[in-house]
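>>> A structural model of the following input is requested.
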Amino acid sequence: MTLTRKLETLTVRCDACPTVYRHTYGEADFLTMMGDIQREGWKPKKLAGVWHHTCPDCARSREGRLL
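Prediction:
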């Protein structure tokens, strides 16, 4: 999982490219952040016990879609 905690804030980075989610959240807003990124097309997935996050562009690419 590429979830970064820095000075009590959270950010998410795509595990397939260098894209970083455009908003940061306080640590107490973790569930809000997860809901927001999923609504915007980010795909969290747990593989072998490790969470991975994929941005909308990479998620579409992996699914074989362009739009």
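
>>> The helix or strand bottoming out on mean pLDDT in the chain pairs with which strands?
Lowest mean confidence among the helices and strands of the chain (mean pLDDT, DSSP states H and E): strand 3-6, at a mean of 73. Strand 3-6 sits in its sheet next to strand 9-12 (antiparallel), going by DSSP bridges.

>>> Next secondary structure after the partner strand?
strand 25-26 (DSSP states H and E).

>>> quick one: buried residues of the helix or strand following that following strand?
Counting by DSSP H and E, the next helix or strand C-terminal to strand 25-26 is helix 30-39. By neighbour count on 16 or more other CB atoms under 10 Å, the buried set for helix 30-39 is 33-34, 36-37. (Each C-beta comes from the backbone N, C-alpha and C, glycine too.)

>>> Also stretch 11-30?
Residues of stretch 11-30 classed as buried by neighbour count (16+ other CB under 10 Å): 11-16, 19, 21, 25.

>>> dump the residue contacts of Y21.
11-13, 33, 37, 40, 42, 55 (CB atoms under 8 Å, 6 or more residues apart in numbering).

>>> Which residue or residues pair with the spatially most central residue of the chain through a beta bridge?
Nearest residue to the geometric centre of the chain (CA atoms, centre = their mean): H53, 4.1 Å. Under the criterion DSSP bridges, H53 forms beta bridges with P44.

>>> Just confirm it contacts T4, I think it does.
No. Using CB atoms under 8 Å as the test, H53 is too far from T4 to be in contact (11.0 Å).

>>> Common neighbours of these two, please.
12-13.

>>> how distant is the least confident helix or strand of the chain from the center of its chain?
Here the centre of strand 3-6 is set off from its chain's centre by 12 Å, with CA atoms, centre = their mean, to the nearest Å.
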